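1. Okay, sequence plus prediction incoming.
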Amino acid sequence: MKILVTGGAGFIGSHVVRRMVTTYSEYTIYNLDALTYAGNLENLKDIEKAANYKFFKGDIVDEAFVFEIFKEYNFDGIIHLAAESHVDRSIKDPLAFVKTNIIGTVNLLNAAKEFWKDDKKGKKFYHVSTDEVYGSLGANGLFTEETSYQPNSPYSASKASSDHFVRAYGETYGLPYVISNCSNNYGPNHFPEKLIPLFINNIIEGKSLPVYGNGKYTRDWLFVEDHAAAIDLVFHKGKNRETYNIGGFNEWQNIDLVKLLCKLMDNKLQRSLGTSEKLIAYVKDRPGHDLRYAIDASKISKELGWKPSVTFEEGLEKTINWFLENKEWLLNVTSGEYQDYYNKMYS
C-alpha cells in the first residue's frame, strides 16, 4: 500500500508516521507537511532514511500541488492529520484555520475523488478530528459518536466543517472514509504551546504558569502513542463511513493537572517540593472557553479492541523524561518566533 500522511512532521503525525514505517515494511509511507512552526523533521530523525519512507514539503492549501502528488503516486490511503490546532491562535487569526482545516481538507477530498473514481476498492480517506467539535459538556455525561456538533471556537468550527465535508463526499460521491475524534493528546515531541509541554518548559525556565480563569476546566487526556495505535487500528479495521471517538478515560481539572505536573517536575529537577507551584498565575479567561470535554471511547474498545496502554501518571512520567532528555530539541523550537508568540499570548 501507498499511504499519504498529512501533517506527518507534527506532534501526532510524527508518531503515526513512525509507527506505520516501522510496523509495515511492505507499505510506503509518504509524509506531506508544510513545516510551519509546529512541523519539525527532527521529530522523525530516527526513521528518515527508512527505505519505505518519503517526505514531501508542501501545503494542502495548494490545490495544484495536492493533485500533482496524487497523480504521480496514486495513493491507496490517506491519513489526514494536517491542521491548525491551537484554540488561542484561532482566536487571533480565524482565517488561517479556515484555509488549512477546511480548504486544505476539501483539496485532499477532491484529489481522492478524482483519482479513485474508477476504482475505490481498498481505498480509504481517514480524517483525524477532535472532540472539540462537540462543544462543551456540563458536569455529567460523555461525548459519543452520536453527540450533536456545537463548536465554540474558530478552531473547533473549522474542524467541524471539515468533518462535515468528509461525510458529504462519502454520501455524494461514494468516497470511502472513516473519521475519528480524539481528546487532548500529550507526550514526546509536543510543541510547547499546549498546556503540558508549555508548563514543562516554563517550569524548567522558572517562568510563570498561566492558568486560565479559575483552573476548573476539565479535559480528558490521551497519550500520543496510544492515539497512534488507535489510528493504526481505525485505518486498517475501521468500518467504512463510521466515526470512532478516541479518549484516554482520564479526566483532569486543569489546576489539578498543573499541581501534579509541578510536583513531578520538582522531583525530577531536585527542587524543594512546592517550588514550581509558586509559579502558578491565574490569568484572564479566553473567550468561548469550553468547560469540560470527556470522551466515551467504548465503541472503539468494543469493536476494534483498543484501550490505553499506560496510566496518566505513567504517560506523564514518560513525557517529562523525554523533554528533560531532549533539551536541545526544546531549545530549538522555543527560540525566535516562539518568544514573540509567547509574549503576545501570555504577557
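-> Looks like it arrived, so ask away.
2. Any stretches of this structure with poor pLDDT?
-> Along the chain, the model assigns pLDDT under 70 to residues 336-339, 341-347.
3. for it, what spans make up the helices?
-> Taking DSSP state H as the criterion, the chain contains helices spanning 11-23, 63-73, 87-92, 94-97, 104-115, 154-173, 195-205, 224-237, 254-268, 298-304, 312-325, 327-333, 337-346.
4. Let me know the angle separating the second one from helix 104-115.
-> Between the axes of helix 63-73 and helix 104-115, defined by axes from the mean of the first three to the mean of the last three Cα atoms, to 10 degrees, the angle is 40 degrees.
5. for helix 63-73, which positions count as buried?
-> Applying a neighbour-count criterion of 16 or more other Cβ atoms under 10 Å, one finds Glu63, Phe65, Val66, Ile69, Phe70 buried in helix 63-73. Using the backbone N, CA and C atoms, a C-beta is placed for each residue, glycine as well.
6. Could you export those to a markdown table, including columns for distance to Val98?
-> Below are the buried residues of helix 63-73 laid out as a markdown table (distance: Cβ to Cβ, whole Å):
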| residue | distance to Val98 |
| --- | --- |
| Glu63 | 15 |
| Phe65 | 19 |
| Val66 | 17 |
| Ile69 | 23 |
| Phe70 | 23 |
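7. ok, of the residues you listed, which one's closest to Ile103?
-> Top of the list for closeness to Ile103, among these and by Cβ to Cβ, is Glu63 at 8.4 Å.
8. ok, and what's touching stretch 201-211?
-> The contact list for stretch 201-211, computed with Cβ atoms under 8 Å, 6 or more residues apart in numbering, reads 192, 199, 254-255, 258, 261-262, 265, 269, 276, 279-283, 323-324, 327, 330, 334, 346.
9. Of these, keep whichever come out buried.
-> For the contacts of stretch 201-211, a burial check counting by 16+ other Cβ under 10 Å picks out 192, 199, 254-255, 258, 261-262, 265, 276, 279-280, 323, 330, 334.
10. Ok, which of the helices of the chain comes nearest Ile246?
-> Set against Ile246 and scored by Cβ to Cβ, the helices of the chain come closest in helix 224-237, at 4.7 Å.
11. and the closest one, C-alpha only, in PDB?
-> What follows is helix 224-237, C-alpha atoms only, in PDB (Å, rounded to 0.1, in the frame of the first residue of the first chain):
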ATOM      1  CA  VAL A 224       0.000  10.300  21.900                       C
ATOM      2  CA  GLU A 225       1.500   6.800  21.400                       C
ATOM      3  CA  ASP A 226      -1.900   5.300  22.400                       C
ATOM      4  CA  HIS A 227      -3.600   7.600  19.900                       C
ATOM      5  CA  ALA A 228      -1.200   6.500  17.100                       C
ATOM      6  CA  ALA A 229      -2.000   2.800  17.900                       C
ATOM      7  CA  ALA A 230      -5.700   3.700  17.700                       C
ATOM      8  CA  ILE A 231      -5.200   5.400  14.400                       C
ATOM      9  CA  ASP A 232      -3.400   2.400  13.100                       C
ATOM     10  CA  LEU A 233      -6.400   0.200  14.100                       C
ATOM     11  CA  VAL A 234      -9.100   2.500  12.700                       C
ATOM     12  CA  PHE A 235      -7.200   2.800   9.400                       C
ATOM     13  CA  HIS A 236      -6.900  -0.900   9.000                       C
ATOM     14  CA  LYS A 237     -10.100  -2.200  10.700                       C
END
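12. got the angle between it and helix 11-23?
-> Angle between the axes of helix 224-237 and helix 11-23 is 60 degrees (criterion: the same axes, to 10 degrees).
13. Mind listing what's buried along helix 224-237?
-> The neighbour-count check on helix 224-237 (16+ other Cβ under 10 Å) flags Val224, Glu225, Asp226, His227, Ala228, Ala229, Ala230, Ile231, Asp232, Leu233, Val234, Phe235 as buried.
14. Then stretch 17-25?
-> Buried residues in stretch 17-25 (16+ other Cβ under 10 Å): Val17, Arg18, Arg19, Met20, Val21.
15. export these to CSV and tack on distance to Leu304?
-> Formatted as CSV, the buried residues of stretch 17-25 follow (distance: Cβ to Cβ, whole Å):
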residue, distance to Leu304
Val17, 21
Arg18, 21
Arg19, 15
Met20, 17
Val21, 22
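16. Kindly indicate which of those residues lies nearest Val5.
-> Val17 (5.3 Å).
17. what sits against the closest one?
-> By Cβ under 8 Å, 6+ apart, the residues touching Val17 are Val5, Gly8, Ala9, Ile29, Asn31, Leu44, Ile47, Tyr53.
18. now with 7 Å?
-> Contacts for Val17 (Cβ atoms under 7 Å, 6 or more residues apart in numbering) come out as Val5, Gly8, Ile29, Asn31, Leu44.
19. what's the spacing between it and Leu233?
-> Using Cβ to Cβ, to the nearest Å, one gets 16 Å for the distance from Val17 to Leu233.
20. Ala160 now?
-> In this view, Ala160 and Leu233 are 24 Å apart by Cβ to Cβ.
21. just the buried residues of stretch 17-25 now: which is nearest Ser183?
-> Minimum distance to Ser183 across the buried residues of stretch 17-25 is 18.9 Å, recorded for Arg19 (Cβ to Cβ).
22. what about Asp118, how many neighbours?
-> As a burial measure, Asp118 scores 6 neighbours (other Cβ atoms under 10 Å).
23. What are the buried residues along stretch 98-110?
-> Buried residues in stretch 98-110, counted by 16+ other Cβ under 10 Å: 98-110.
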